[in-house]
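Participant: generate coordinates for the sequence data below:
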Amino acid sequence: MAYIVDFTNVSTVGLESSPVAEALAARRQLELSPARPTDKVPPHPFKDLRSVQRLPLQPGQDALWLSEAYARLLARLLRPLMKAQIDADHSISFYHLGVRKPLLVLDYSPERSSPDRALFYINGGLLAQQCPGVPSRLEFRVIPGEQFALAGIHDFRPRLPWYLYLLTQANFHLWTMKAFIFYLKRLPAASLKSVS
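Facilitator: Numbers count the residues shown, from 1 in each chain. Model (predicted):
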């Protein structure tokens with residue numbers, strides 16, 4: 001037998017100090033209060049993404065080493081079509097052959113980085129769309145006491161149309177991360193040298 005409960009008129013006599021009475025009172029408030037349009041969060045105008053990969057790590061390697069090794073390996077894999085420029089402040093820019101503007105600009109954030117974390121803000125480039133107030137980030141994070149690290153992209157908004165991004169740039173990112181993992185697994189145990 002099914003029962004229909006009228007939450008607005010149900011009696012809570014004898015249940016005054018119980019969680020049931022509190023839950024009924026809260027439900028009654030919800031049903032009696034008019035919906036307010038300000039409670040609705042407007043949809044985000046951009047589709048953004050997150051991508052996290054687990055990377056093998058050897059003793060002595062830190063997050064900044066991982067980020068620079070990734071940039072150099074990517075440039076080596078794509079030579080002569082692509083170049084990675086690592087500045088003195090550890091910021092990284094990726095360039096395509098024959099194109100003056102960078103594809104991606106990764107600005108290193110020393111104030112939010114540590115030996116266990118290298119944080120880069122994706123602050124431009126032909127492949128990234130900027131959205132004020134929502135910074136895109138690339139992060140390399142070493143897990144203390146473990147033999148692995150994490151590489152993550154957060155709140156990235158591609159400039160390409162979403163369907164085209166999924167067919168091209170997303171697959172390219174996945175391929176480069178798999179190549180980086182393969183590279184890290186093949187490093188000699190004591191190797192801390194840069195990729196060249």
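Participant: and the residue nearest the centre of this structure?
Facilitator: His154 (2.0 Å; CA atoms, centre = their mean).
Participant: can you pull the contacts of Arg159?
Facilitator: Leu126, Leu127, Ala128, Gln129 (CB atoms under 8 Å, 6 or more residues apart in numbering). In short, each C-beta sits where N, CA and C put it, glycine included.
Participant: next, count neighbours for the closest residue to the second one other than its chain neighbours.
Facilitator: Read that as Leu127. In space, Leu127 comes closest to Leu103 once its chain neighbours are excluded; the distance is 5.1 Å by CB to CB, 6 or more residues apart in numbering. Other residues near Leu103 come to 17 when the count uses other CB atoms under 10 Å.
Participant: for Leu74, see how far away Leu103 is.
Facilitator: As judged by CB to CB, to the nearest Å, Leu103 and Leu74 stand 11 Å apart.
Participant: identify the contacts common to those two.
Facilitator: By the contact definition CB under 8 Å, 6+ apart, Leu103 and Leu74 are jointly contacted by Met82, Phe94.
Participant: tell me where the chain has helices.
Facilitator: In the chain, the helices defined using DSSP state H lie at 19-32, 63-77, 162-167, 169-186.
Participant: tabulate these (CSV), appending mean pLDDT and distance to Val99.
Facilitator: Compiled in CSV, these are given as follows (pLDDT from 0 to 100; distance: least, CB to CB, whole Å):
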stretch, mean pLDDT, distance to Val99
helix 19-32, 64, 55
helix 63-77, 89, 14
helix 162-167, 89, 18
helix 169-186, 92, 15
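Participant: winner for burial among the ones you listed?
Facilitator: Most buried of those by mean neighbour count (mean count of other CB atoms under 10 Å) is helix 63-77; its value is a mean of 20.
Participant: and the angle from that helix to helix 169-186?
Facilitator: Between helix 63-77 and helix 169-186, the angle formed by their directions is 110 degrees, by axes from the mean of the first three to the mean of the last three CA atoms, to 10 degrees.
Participant: so what's Tyr95 closest to, chain neighbours aside?
Facilitator: Lys83 (4.7 Å).
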